[in-house]
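Novice: predicted model and sequence follow; I will ask about them next.
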Amino acid sequence: MNHLAIEVKGLRKQFGKQVVLNGVDLSVPSGTIFALLGPNGAGKTTLIHILTTLVSPDEGTAKIAGYDVVTKKADVKRSISLTGQFAAVDNELTGEENLRMIGRLSGLSAAMARTRAGELLQQFDLEASAGKRVKTYSGGMRRRLDLAISLVVDRPVIFLDEPTTGLDAMSRRVLWEKVLILKQKGITVFLTTQYLEEADQLADQIAVINGGRIVAQGTAEELKSRIGGEMIELHNENKEIIRTIPTNGNLADIQQKLNELTTTFPQSTYVSIRKPSMDDVFLAFTSNTNQEESVS
Ligand SMILES: Nc1ncnc2c1ncn2[C@@H]1O[C@H](COP(=O)(O)OP(=O)(O)OP(=O)(O)O)[C@@H](O)[C@H]1O
């Protein structure tokens, strides 16, 4: 397989007058986890739809496992699986029936489909509920089944569109473990998420999309250090955060920033200094959002 699992250059897409992607470039090495973050409506799902051949780009190129998403659609489809917002789980069937059905639809023999279903039920902690209808599953079980379904047939690249949205913290962590197992198997994972901690915990590379462009890309640590080595946080008397300011952390810089702040904030303000979080990264790179950018 190509060294790059995903390679995107100058991708543009607009719907009517609304420019959704305005020259997106990114590359994802094989066998890594890549997280795409961005505010609502930033174009994350549109990008996934282009990369999975569901939507055509207006300009630019995108390759999956070396195959162009426009000219080599069939090869791209054989290289990917897609799960998340558009999952096709049949609620009336049991978890095992769902897995076996997908196996058969993907060309496995009945015996192979049964074996594969058994392996996946075990791997995703669904053995105890294998014979229960999916409509009785919890949100976490359903997401795990969803992920298992996308693995019935081996595919080198998996797209997860907001895989843990709506899950409680515990179920989210269980799913993260499963995603990390995919990486151990050498699968490339491209995920979108609203949970910044998810990107922080899972991803080798994180990209932030805003205003139709990738505005930042790097490891979680690189992105955090780009916005400043430390954050000065001001709290009011009710312990509510009233301002967060990046600083390089040295005495001169902190002193200068605090001097500036003393003219605006009351002496009773509490001050703390902490490392930047992914929330700080997200806010730093997505403030001044203009999602409704349009061409005239
Ligand atoms: N088929 C379409 N026709 C017209 N507009 C569309 C279409 N698909 C998406 N859009 C618009 O493109 C913009 C980006 O949508 P998209 O779903 O890609 O964003 P997103 O980053 O995935 O958002 P969210 O985090 O809310 O899921 C939105 O304003 C949306 O309304």
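Specialist: Done, it's in.
Novice: which residues of the stretch 1-150 of the chain lie near the ligand?
Specialist: F15, V20, G38, N40, G41, A42, G43, K44, T45, T46 (C-beta under 6 Å from any ligand atom). C-beta coordinates here come from the backbone N, C-alpha and C atoms, glycine included.
Novice: repeat the analysis, applying 5 Å as the threshold.
Specialist: F15, V20, N40, G41, A42, G43, K44, T45, T46 (C-beta under 5 Å from any ligand atom).
Novice: return the subset of those residues lying in strands.
Specialist: Filtering those for membership in strands, criterion DSSP state E, returns F15, V20.
Novice: outline the domain layout of the chain.
Specialist: Here the domain assignment for the chain is 4-223, 229-275, based on automatic domain parsing.
Novice: would you mind finding the most buried of the ones you listed?
Specialist: domain 4-223 (a mean of 19; mean count of other C-beta atoms under 10 Å).
Novice: would you mind measuring the gap between the ends of that domain?
Specialist: 22 Å (C-alpha to C-alpha, to the nearest Å).
Novice: look up how far the ligand lies from the residue of the chain most remote from its centre.
Specialist: Going by C-alpha atoms, centre = their mean, the residue of the chain most distant from its centre is Q267, 41.7 Å out. For Q267, the distance to the ligand (C-beta to the nearest ligand atom, to the nearest Å) stands at 42 Å.
Novice: which SS class is that residue?
Specialist: Three-state assignment for Q267 (DSSP: H, G, I helix; E, B strand; the rest coil): coil.
Novice: what values do phi and psi take at I187?
Specialist: phi -80, psi 140 (degrees, to the nearest 10).
Novice: give the contact list for it.
Specialist: When contacts are counted by C-beta atoms under 8 Å, 6 or more residues apart in numbering, I187 touches G31, R155, P156, V157, I158.
Novice: might you report the residue contacts of D125?
Specialist: R144, V174.
Novice: show the pLDDT at it.
Specialist: The score at D125 is 88. That number is its pLDDT.
Novice: got phi/psi on it?
Specialist: The phi/psi pair for D125 (degrees, to the nearest 10) reads phi 50, psi 40.
Novice: how near is it to A113?
Specialist: 20 Å (C-beta to C-beta, to the nearest Å).
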